[in-house]
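> Have a look; sequence and predicted model below, questions after that.
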Number of protein chains: 2
Amino acid sequence: MKPIALDAMGGDRMPGVAVEGGLAAAREGIPVILVGKEAELHEELKRRGGSLDIHPAEDVITMGDHAGDVRHRRQSSIMRALQLVKEGVASASVSMGNSGATMAAALLVLGRLAGVNRPAILANIPIKRGFVALLDVGANADCKPAYLQQFAVMGSVYARAFYQLAEPSVGLMSIGEEPHKGNELVKEAHGLIAGTPSLSFYGNVEGRDLLKGVTDVVVTDGFTGNVVLKLAEGEAREIFSWLRQALTGGGLFTRIGAAMVRSALKAVAARLDPAEYGAQPLLGVRGNAFIGHGSSDSRAVRNALRTASKAVRTDLLERLGEGLSGISSAGKVP
Amino acid sequence: MKPIALDAMGGDRMPGVAVEGGLAAAREGIPVILVGKEAELHEELKRRGGSLDIHPAEDVITMGDHAGDVRHRRQSSIMRALQLVKEGVASASVSMGNSGATMAAALLVLGRLAGVNRPAILANIPIKRGFVALLDVGANADCKPAYLQQFAVMGSVYARAFYQLAEPSVGLMSIGEEPHKGNELVKEAHGLIAGTPSLSFYGNVEGRDLLKGVTDVVVTDGFTGNVVLKLAEGEAREIFSWLRQALTGGGLFTRIGAAMVRSALKAVAARLDPAEYGAQPLLGVRGNAFIGHGSSDSRAVRNALRTASKAVRTDLLERLGEGLSGISSAGKVP
């Protein structure tokens, strides 16, 4: 496998956690190239007594920069990482930096797959039996019905590759089960998705159905998806904070019981931790590009590299291309 | 106080739970008129040895009926209940029936307050320090910026009346904190809301901020709001189901600990129970109208009657009228 280009500069705790996460992934046999400031990366590697290939990039796009800035900053670590993918030197890129800039850079450097109007970010939402693929979670705040159809196809291909499902079911996020319920976007998209032969379309799903795992894939516009993702992650944290307070603030009897159930509670909390997948794929560009949280730690970086390597091993990109080739809306919407 | 008209027929377990909840509210001094099939209601009252006023309505709009059906079914319990409000016989109406039909009926019978283009449903979302007012949670799947401004004003007035806050902060649900982040609707609404002098506008909030209680009121379109509400309720149920499984499926040690913390966990779960408020106000119509879950039990009915009575006691309707009188967008959008 060709190495994965890791943007070692974008993110809150870089390059330290990139180097540490990269070394951890390399120990598992995942080839990694660090992309970033050469001297700093050498220093971080030396401090940890480790060795990884480095591709120099002396500029960094920060969280405060505008997404469009990537256009003029070809020597930034994210642009260089994606350039390595474009040139076939790297098999995938991973960045924990400015996600708007990462999307803009991926579109600029890699371009779109045939049949895709807008790339989408997919999130793996933890449910009891595994994960649900939710997309788009933020790449496109305003969508057209054809985009949702394309998201449905890409989500379905992803679920086949990543969740090893033969025929993943696809739900359309709405505010009622009946096809006539929803906003104008969803009502139009419903017909398009229902008319796509390659999909196993369940129909509309509601907010409560997401975590029940009613379907394997849930399709929505990037505004709703982003709100949903952040609410789902935030609510899990909030409920555990309430529980912690209730258990440690109770009487002696409750506090003893709390100590006895601690490991069981921790196991549930760990399953709900978004760092499990480390990064989210940007689906619909001509290359494997992954985007993680700015606040990622080294474990999240390692998991992101694992996720990217799984995309390469399962031929996700080729399968997306095949999946998209058959849909009616491909390319018709500007 | 004039009595509250309770639609005793609309809902899954009617009229039994309406009669039981109505009697419980009456014992607390809340005057109630049951609206529905006279013979059935007499029977239910007799069985419980209780007495309440009855206003006859021999037709019932069911969950399967279309919202527009109310137009031709003036003798249905929901239409009769709202007619009592219109005539000044009742101070408020409460229905646990078909919510689309209840909205349509309220618009038809009561009409809109001056300055309101579209009424909104408000939900009280439990957070650590109390509740956050979220609106719209489903009355308007497609919104215009001016609607969101009106929702902001109505939510703010509600939070003053119901949460006893002098200057409730209002957040606009979006996908980033900066004013330029969001979909087209939110970006336009941001300026309108920011320019409304009567509001204490915080700016954009994200999905994760809702349950943290970053603001007292959160404004969004009815599509996003409905997805958010159902996700929030569903996730709480789902996490408690995971916890139950982890605690009761663990070893003996864990199970003993689980028994010791049971009451603390139950207290947290109870705080997250949507039946706490019983029903949600439909804000923006010329009367107090409340809508509850179809699956409500008698406790939810009693709580809904308490909530409706609080709206009457706090002069919610008059305060909404005053609050709406000053905003710029009032009535300008068809």
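Done, it's in.
> helix, strand or coil for residue A:42?
On the three-state scheme (DSSP: H, G, I helix; E, B strand; the rest coil), residue A:42 is labelled helix.
> make that residue A:198, sorry
coil.
> how many other residues sit next to it?
Here the number of neighbours of residue A:198 (other C-beta atoms under 10 Å in any protein chain shown) works out to 15. Where C-beta positions appear, they are placed from N, C-alpha and C, glycine not excepted.
> wait, doesn't residue A:265 sit right on residue A:239?
No. Using C-beta atoms under 8 Å, residue A:265 is not in contact with residue A:239; the gap is 10.9 Å.
> what are the ranges of the strands in the stretch 101-250 of chain A?
Along the stretch 101-250 of chain A, the segments classed as strands by DSSP state E, counting those that start in this stretch run A:120-127, A:130-135, A:169-173, A:200-205, A:217-219.
> Would you mind giving these as JSON lines with mean pLDDT added?
Converted to JSON lines, those look like this (pLDDT from 0 to 100):
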{"stretch": "strand A:120-127", "mean pLDDT": "95"}
{"stretch": "strand A:130-135", "mean pLDDT": "96"}
{"stretch": "strand A:169-173", "mean pLDDT": "98"}
{"stretch": "strand A:200-205", "mean pLDDT": "98"}
{"stretch": "strand A:217-219", "mean pLDDT": "98"}
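> Buried deepest among those, which one?
Greatest average neighbour count among these goes to strand A:217-219 (a mean of 30), per mean count of other C-beta atoms under 10 Å in any protein chain shown.
> what packs against it?
Here strand A:217-219 touches strand A:130-135, helix A:145-163, strand A:169-173, going by 3 or more C-beta pairs under 8 Å, 6 or more residues apart in numbering or on different chains; DSSP states H and E.
> Give me the residues contacting it.
Strand A:217-219 is touched from outside by A:125, A:132-135, A:148, A:151-152, A:155-156, A:158-159, A:168-173, A:189, A:193, A:205, A:209-210, with contacts defined as C-beta atoms under 8 Å, 6 or more residues apart in numbering or on different chains.
> try stretch A:306-317
So stretch A:306-317 is contacted by A:1-2, A:4, A:25, A:28, A:30, A:91-94, A:113, A:157-158, A:161-162, A:277-279, A:281, A:286-288, A:290 (C-beta under 8 Å, 6+ apart).
> Filter those down to the buried ones.
Taking 16 or more other C-beta atoms under 10 Å in any protein chain shown as the criterion, what is buried in the contacts of stretch A:306-317 is A:4, A:25, A:30, A:91-94, A:113, A:157-158, A:161-162, A:277-279, A:281, A:286-288, A:290.
> What about these, which are in strands?
A:4, A:92-94, A:281, A:288, A:290 (DSSP state E).
> hmm, back to that, turn the strands of the stretch 101-250 of chain A into JSON lines, including distance to residue B:84.
Output for those, formatted as JSON lines (distance: least, C-beta to C-beta, whole Å):
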{"stretch": "strand A:120-127", "distance to residue B:84": "46"}
{"stretch": "strand A:130-135", "distance to residue B:84": "45"}
{"stretch": "strand A:169-173", "distance to residue B:84": "38"}
{"stretch": "strand A:200-205", "distance to residue B:84": "36"}
{"stretch": "strand A:217-219", "distance to residue B:84": "42"}
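> Compare the ones you listed and give me the one nearest residue B:272.
strand A:120-127 (18.8 Å; C-beta to C-beta).
> of all the helices and strands packed on strand A:217-219, which lies closest to chain B?
Judged by C-beta to the nearest C-beta, the one of the helices and strands packed on strand A:217-219 that comes nearest to chain B is strand A:169-173, at 6.1 Å.
> ok, and does that closest one reach over to chain B?
Yes. Using C-beta under 8 Å from any C-beta of the partner chain, strand A:169-173 reaches chain B at residue A:173.
> Not counting residues beside it along the chain, what's closest to residue A:275?
Once flanking residues are discounted, residue A:275 sits nearest to residue A:300: 4.1 Å by C-beta to C-beta, 6 or more residues apart in numbering or on different chains.
> Ok, residue A:284 next?
In space, residue A:284 is closest to residue A:119, 3.4 Å off (C-beta to C-beta, 6+ apart).
> wait, the one you found sits on residue A:281?
No. Residue A:119 is beyond contact range of residue A:281, at 9.4 Å (criterion: C-beta under 8 Å).
> how about the helices in the stretch 1-150 of chain A?
Ranges of helices in the stretch 1-150 of chain A, per DSSP state H, counting those that start in this stretch, are A:16-27, A:38-47, A:77-86, A:99-110, A:145-163.
> Just the buried positions in the second one, please.
This points to helix A:38-47. Buried positions in helix A:38-47, judged by neighbour count with 16+ other C-beta under 10 Å: A:40-41, A:44-45.
> for chain A, which spans come out with low pLDDT?
A:328-334 (pLDDT under 70).
> where along the stretch 151-300 of chain A do the helices fall?
Along the stretch 151-300 of chain A, counting by DSSP H, counting those that start in this stretch, helices occupy A:184-194, A:207-212, A:222-248, A:252-271, A:298-313.
> got those helices as TSV, with mean neighbour count columns?
TSV is the format used below for the helices of the stretch 151-300 of chain A (neighbours: other C-beta atoms under 10 Å in any protein chain shown):
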stretch	mean neighbour count
helix A:184-194	19
helix A:207-212	22
helix A:222-248	22
helix A:252-271	17
helix A:298-313	22
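> With distance to residue B:87 added, can I get those helices in a markdown table?
Formatted as a markdown table, the helices of the stretch 151-300 of chain A follow (distance: least, C-beta to C-beta, whole Å):
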| stretch | distance to residue B:87 |
| --- | --- |
| helix A:184-194 | 37 |
| helix A:207-212 | 38 |
| helix A:222-248 | 41 |
| helix A:252-271 | 53 |
| helix A:298-313 | 62 |
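> Out of the ones you listed, which is closest to residue A:52?
helix A:298-313 (11.2 Å).
> What residues of the helix or strand just after the closest one count as buried?
The first helix or strand that comes after helix A:298-313 along the chain, using DSSP states H and E, is helix A:316-325. Of the residues in helix A:316-325, A:316-317, A:319-321, A:323-324 count as buried by neighbour count, 16+ other C-beta under 10 Å.
> Out of these, which comes closest to residue A:73?
residue A:317 (25.8 Å).
> Let me know the distance separating the closest one from chain B.
Distance, residue A:317 to chain B, by C-beta to the nearest C-beta, to the nearest Å: 27 Å.
> what's the answer for residue A:241, then?
8 Å.
> likewise residue A:136?
From residue A:136 across to chain B, the span is 11 Å (C-beta to the nearest C-beta).
> give the contact list for that residue.
A:118, A:120-122, A:143, A:147, A:151, A:220-222, A:225.
> Can you name the residues bridging to the spatially most central residue of chain A?
The centre of chain A sits closest to residue A:280, judged by C-alpha atoms, centre = their mean, with a distance of 1.1 Å. Residue A:280 has these beta-bridge partners by DSSP bridges: residue A:291.
> need the contact list for it.
Contacts of residue A:280 by C-beta under 8 Å, 6+ apart are A:121-124, A:137, A:290-292.
> got it, and residue A:35?
A:5-9, A:54-57, A:77, A:80-81, A:84.
> Check whether residue A:150 really touches residue A:326, as I assumed.
No. Using C-beta under 8 Å, residue A:150 is not in contact with residue A:326; the gap is 11.5 Å.
> And these two? Which one has more around it.
Shown here are residue A:150 and residue A:326; by other C-beta under 10 Å, residue A:150 has more neighbours (34 against 12).
> Could you find the closest non-adjacent residue to that one?
Once flanking residues are discounted, residue A:150 sits nearest to residue A:116: 5.6 Å by C-beta to C-beta, 6+ apart.
> Burial check on that neighbour, number of neighbours?
24.
> Distance check, it against chain B.
Distance from residue A:116 to chain B, by C-beta to the nearest C-beta: 20 Å.
> That residue touches residue A:323, doesn't it?
No. Taking contacts as C-beta under 8 Å, residue A:116 lies outside contact range of residue A:323: 10.6 Å.
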